[in-house]
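Undergrad: please find the sequence and the predicted model below.
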Amino acid sequence: MKILITAGPTYEKIDPVRFIGNYSTGKMGFALAETCAERGFDVLLIAGVVHLQTQHANIQRIDIESAAQMYEAVMQHFTDCDAAIFCAAVADFTPETVYSQKVKRKDNDLIIKLKPTQDIAAAAGKLKRENQFIAGFALESNDEESNALGKMQRKNFDMIVLNSLNDSGAGFGYDTNKVTILHRSGNKKTLPLMSKKEVAEKSVDEILA
Ligand code: C5P
């Protein structure tokens, strides 16, 4: 079994020294990669800029920076995989033009026009075959469950792991997470606060169930 996992943030270049990013550390995605490798999967981990190392020999890692690069890597490898977990915090917008020189300080405002990025998970969802399984993540601040269910539908996921921004100890940067796992079948599992490694174990249990 081969599984593709996306993890970490994307960096969207403004000029040679600046970017638009986010606070994702990649911890959840890397924990999923370790867990899948321990369970005997061949793991292809497509990672944004993170300060984490992979331990297991069954993990092949592709490092990327931007949403466009992550999209290319996923499109290149998704059809060869039996399953995928989209855990990356992908930028929704990227600068329309990248300055070739460092932007100089001036007294007037600087306006950077952004254009939408590709939805990588949704693109994979469109290509998904009958025998492929896709799981996604959702980080929500309000109407958590109905938003997550809508995302699962739109992106053609089989399962979605919902994190709420309202739970303390959960989300970006923490070593712990509190999630609810929702299945396309309607099954639902609400888990207590636990380490990201434990959340990874439970999520992989649900994928294999
Ligand atoms: O729509 P939203 O960003 O909340 O969806 C979250 C899910 O979609 C996550 O699984 C995330 O990895 C994935 N995603 C993606 N490409 C994007 C945006 C989100 O793969 N451009």
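TA: Received the coordinates, thanks.

Undergrad: show the subsequent helix or strand relative to the helix or strand bottoming out on mean pLDDT in the chain.
TA: Taking mean pLDDT, DSSP states H and E as the measure, the chain has strand 176-177 as its least confident helix or strand, at a mean of 86. Once the chain leaves strand 176-177, the next helix or strand it forms, by DSSP states H and E, is strand 179-183.

Undergrad: and that following strand, what does it pack against?
TA: Secondary-structure packing of strand 179-183 (3 or more CB pairs under 8 Å, 6 or more residues apart in numbering; DSSP states H and E): helix 144-154, strand 159-164, strand 188-190, helix 196-208. Yep, even glycine has a C-beta here, placed from its N, CA and C like the rest.

Undergrad: check contacts around the closest residue to T176 other than its chain neighbours.
TA: Residue nearest to T176 in three dimensions, not counting chain neighbours: G169, with 4.6 Å by CB to CB, 6 or more residues apart in numbering. Going by CB atoms under 8 Å, 6 or more residues apart in numbering, G169 touches T176, N177, K178, L193.

Undergrad: now, among those residues, which is nearest to the ligand?
TA: Nearest to the ligand out of those is N177 (CB to the nearest ligand atom; 14.1 Å).

Undergrad: from what I see, R184 and K151 are in contact.
TA: No. The pair R184 / K151 is not scored as a contact, 11.7 Å apart, by CB atoms under 8 Å.

Undergrad: overlap of the contact sets of those two?
TA: Taking CB under 8 Å, 6+ apart as the criterion, R184 and K151 both touch F157.

Undergrad: fine by me, thanks again.
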